[in-house]
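S.K.: I'll drop the sequence and a predicted model, then ask my questions.
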Amino acid sequence: MLDVLNTFNFLPIAELEVGNHLYWHIGNLKIHGQVFLVSWFVIALIVGASVLATQNAQRIPSGIQNFMEYALEFLRDLAKSQLGEKEYRPWLPFVGTLFLFIFVSNWSGALIPWKLIELPEGELAAPTNDINTTVALALLTSLAYFYAGFRKRGLGYFAKYIEPTPILLPIAILEDFTKPLSLSFRLFGNILADELVVAVLVLLVPLFVPIPVMMLGLFTSAIQALVFATLAAAYIHEALEGHGEEEHD
Amino acid sequence: MDPLVAAASVLAAALAVGLAAIGPGIGQGNASGQAVEGIARQPEAEGKIRGTLLLTLAFMESLTIYGLVISLVLLFANPFA
Amino acid sequence: MFDFDATLPLMAVQFLVLTAILNAVFFKPLTKVLDERDDYIRSNDREAAERLAKTEELARQYEQELADTRKEAQAIVVAAQSEAQEISNGRIAEAQKEAQEAREAAAAEIAREKEAAMQSLEQEVSALSHQMLEKLLG
């Protein structure tokens, strides 16, 4: 199937590569090198900005400190609105890091012309357009809310499966699988779809026409980061509270 | 690849995206309409309504994206090929 | 495309490490900064409120003092006026008395002089009448 798309590859800037990876081998394990390369860039960016902002923290903020404080207040509001005033503090780093990592990943994938850097195989793109990354984040979210439930209520956490009636037990168990599935597929699908649409448009009309779609892509990337972090916080809140609301979708 | 499987996969991929777009399309239309109504009724609540609307639109959008993921599976990672 | 391999666990571990690092270099210090600033602003607010209260208290005190002083000045003025009135009244009375006395003295003298003049006139009258009588009879 890839051959169909690769016939368009006569244009140097407009390549569609789906499913090609730069494989690194560690022992007999295979990992996707390009994902890690970009994710290290993203991590370096976030940590660098944080260190710059906090190494000389002033009472009256300026420059990068101001910006990072704005980011922190945004994350605090996000966590507070989902988890509540009392519970949000221990979970702020997790939810906040989720948002920051996904957001910076998405935008770096959309804004930085990674395709100019030639790799022997595959191409650099947002780490979030690899299913491994999104599933890893979604599974961590699942673990986080299980941990939150256990931490708060011990084995009583399992009571939520048979409340209000044991008939819903299969659905309750199914929910634990659909949550990470929908989380990871939503993020993965949105980012991949966005990059594919942009790539296809660039293939057809290389100049100017893809710009509105790229803007839309920036917008959806930001919203998806927000959605992922919001949902993670909502799941954790549900586990903390018990008998929470239904899943959002 | 078996041409029959290829043809079926391409058709199924198109159908997956197309059909998956119907429901969320209706839902997003509904939500946006209600949001506009809400803004018209209470213009001072516009910021809050817009924020909620964008979030819910993203949730609905993800339903289409699930269809897209299925079609991508069929096209690029077809388990029957 | 949907090939899961060692990327997944490594990415999870990497993300957890990132969370730990960000907790150390971003969330904790900046939260501390924000909280400290909140405290600072709150204490400044309180201090300012205290100062404002103190200022109002002082202003009230000054006003009180001002009012007291004004009252005192009023009293002093009134006292001085009454004293002056008294003094002037006394003087007037004295002067009047003096004038009265002088007038009385003058009147008495006039009366005495008149009497004396009358007496001498009487004597002269009697002498004259004697003389007239002598001349007539003479």
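M.R.: On my side now, so go ahead.

S.K.: so who does the spatially most central residue of chain B touch?
M.R.: Chain B has B:Thr64 as the residue nearest its centroid, 2.4 Å off, counting by C-alpha atoms, centre = their mean. B:Thr64 makes contact with B:Val17, B:Ala20, B:Ala21, B:Pro24, according to C-beta atoms under 8 Å, 6 or more residues apart in numbering or on different chains. Backbone N, C-alpha and C define where each C-beta goes, glycine included.

S.K.: what's the helix or strand for A:Ser221?
M.R.: helix A:210-241 (DSSP states H and E).

S.K.: follow-up on the earlier one: ok, and the most crowded of the contacts of B:Thr64?
M.R.: Comparing those by number of neighbours (other C-beta atoms under 10 Å in any protein chain shown), B:Pro24 comes first, having 21 neighbours.

S.K.: so how far is chain C from it?
M.R.: Plainly put, B:Pro24 is 23 Å away from chain C if you go by C-beta to the nearest C-beta, to the nearest Å.

S.K.: doesn't B:Ile65 make contact with that residue?
M.R.: No. B:Pro24 is beyond contact range of B:Ile65, at 9.1 Å (criterion: C-beta atoms under 8 Å).

S.K.: quick check: mean pLDDT across stretch A:230-244?
M.R.: For stretch A:230-244, the mean per-residue pLDDT is 81.

S.K.: now the strands: where do they sit in chain A?
M.R.: Here chain A has its strands, by DSSP state E, at A:23-26, A:29-32.

S.K.: highest mean neighbour count out of those?
M.R.: strand A:29-32 (a mean of 18; mean count of other C-beta atoms under 10 Å in any protein chain shown).

S.K.: how far out from the middle of the chain is it?
M.R.: Relative to its parent chain, strand A:29-32 has a centroid offset of 20 Å by C-alpha atoms, centre = their mean, to the nearest Å.

S.K.: also stretch A:79-96?
M.R.: Offset of stretch A:79-96 from its chain centre (C-alpha atoms, centre = their mean): 18 Å.

S.K.: show me which positions of that stretch end up buried.
M.R.: Judged by neighbour count (16 or more other C-beta atoms under 10 Å in any protein chain shown), stretch A:79-96 contains these buried residues: A:Ala79, A:Lys80, A:Gln82, A:Leu83, A:Glu87, A:Tyr88, A:Trp91, A:Leu92, A:Pro93, A:Phe94, A:Val95, A:Gly96.

S.K.: again with stretch C:79-87
M.R.: Buried residues in stretch C:79-87 (16+ other C-beta under 10 Å): none.

S.K.: what about the helix holding A:Ser221 and chain C, touching?
M.R.: No. Helix A:210-241 does not reach chain C (C-beta under 8 Å from any C-beta of the partner chain); its nearest approach is 12.0 Å.

S.K.: which ones among the contacts of B:Thr64 lie within helices?
M.R.: Mapping those onto helices (DSSP state H) picks out B:Val17, B:Ala20, B:Ala21, B:Pro24.

S.K.: select the longest helix from chain A.
M.R.: Identified as the longest helix of chain A according to DSSP H is helix A:63-111.

S.K.: is that one positioned near chain B?
M.R.: No. No part of helix A:63-111 sits close enough to chain B to count as contact by C-beta under 8 Å from any C-beta; the gap is at least 10.5 Å.

S.K.: run the angle between that helix and helix A:210-241 for me.
M.R.: Angle, helix A:63-111 to helix A:210-241, by axes from the mean of the first three to the mean of the last three C-alpha atoms, to 10 degrees: 110 degrees.

S.K.: show me where chain C dips below the pLDDT cut-off.
M.R.: Scanning chain C for pLDDT under 70 picks out C:1.

S.K.: mind listing what's buried along the helix holding A:Ser221?
M.R.: For helix A:210-241, by 16+ other C-beta under 10 Å, it's A:210, A:214, A:217, A:220-241.

S.K.: what's the answer for stretch C:108-127, then?
M.R.: With burial defined by 16+ other C-beta under 10 Å, not one residue of stretch C:108-127 is counted as buried.

S.K.: mind checking pLDDT for the residue nearest to the centre of chain B?
M.R.: pLDDT, B:Thr64: 88.

S.K.: now chain A against chain B: closest residue?
M.R.: Residue nearest to chain B within chain A: A:Gly189 (3.5 Å; C-beta to the nearest C-beta).

S.K.: follow-up on the earlier one: now the contacts of B:Thr64 in TSV, with distance to A:Ser105 and pLDDT?
M.R.: Listed next are the contacts of B:Thr64 as TSV, based on distance: C-beta to C-beta, whole Å; pLDDT from 0 to 100:
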residue	distance to A:Ser105	pLDDT
B:Val17	25	91
B:Ala20	25	92
B:Ala21	26	93
B:Pro24	25	93
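
S.K.: from the residues you listed, which is closest to chain C?
M.R.: Distances from chain C to the contacts of B:Thr64, taken by C-beta to the nearest C-beta, are shortest for B:Val17, at 15.9 Å.

S.K.: so the closest one versus A:Ala138, what's the distance?
M.R.: The spacing between B:Val17 and A:Ala138, counted by C-beta to C-beta, to the nearest Å, is 23 Å.

S.K.: among the contacts of B:Thr64, which two are most distant?
M.R.: In the contacts of B:Thr64, the most distant members under the criterion C-beta to C-beta are B:Val17 and B:Pro24, with 11.3 Å between them.

S.K.: got any ranges where the chain has weak pLDDT?
M.R.: No chain in the question, so chain A it is. Using pLDDT under 70, the flagged stretches of chain A are A:1-19, A:242-249.

S.K.: right idea, wrong chain: chain B
M.R.: Ranges of chain B meeting pLDDT under 70: none found.

S.K.: all strands of it, in order?
M.R.: Counting by DSSP E, one finds no strands in chain B.

S.K.: taking it, what residue is nearest to chain A?
M.R.: Residue nearest to chain A within chain B: B:Ile65 (3.5 Å; C-beta to the nearest C-beta).

S.K.: which ones are touching that residue?
M.R.: Listed by C-beta under 8 Å, 6+ apart, the contact set of B:Ile65 reads A:Phe185, A:Arg186, A:Gly189, A:Asn190, A:Ala193.

S.K.: you'd agree the third one is up against B:Tyr66?
M.R.: Right, the one you point to is A:Gly189. Yes. The criterion here is C-beta under 8 Å, and A:Gly189 meets it with B:Tyr66 at 6.6 Å.

S.K.: can you list the residues of chain B near chain C?
M.R.: Residues of chain B lying near chain C by C-beta under 8 Å from any C-beta: B:Leu72, B:Val73, B:Phe76, B:Ala77.

S.K.: just give the closest residue to the second one, not the sequence neighbours.
M.R.: Which is B:Val73. Among residues not flanking B:Val73 along the chain, C:Phe2 sits closest, at 6.5 Å (C-beta to C-beta, 6 or more residues apart in numbering or on different chains).

S.K.: so how far is the helix or strand hosting C:Glu113 from its chain's centroid?
M.R.: If you go by DSSP H and E, C:Glu113 is part of helix C:28-137. Mean-position distance between helix C:28-137 and its chain equals 19 Å (C-alpha atoms, centre = their mean).
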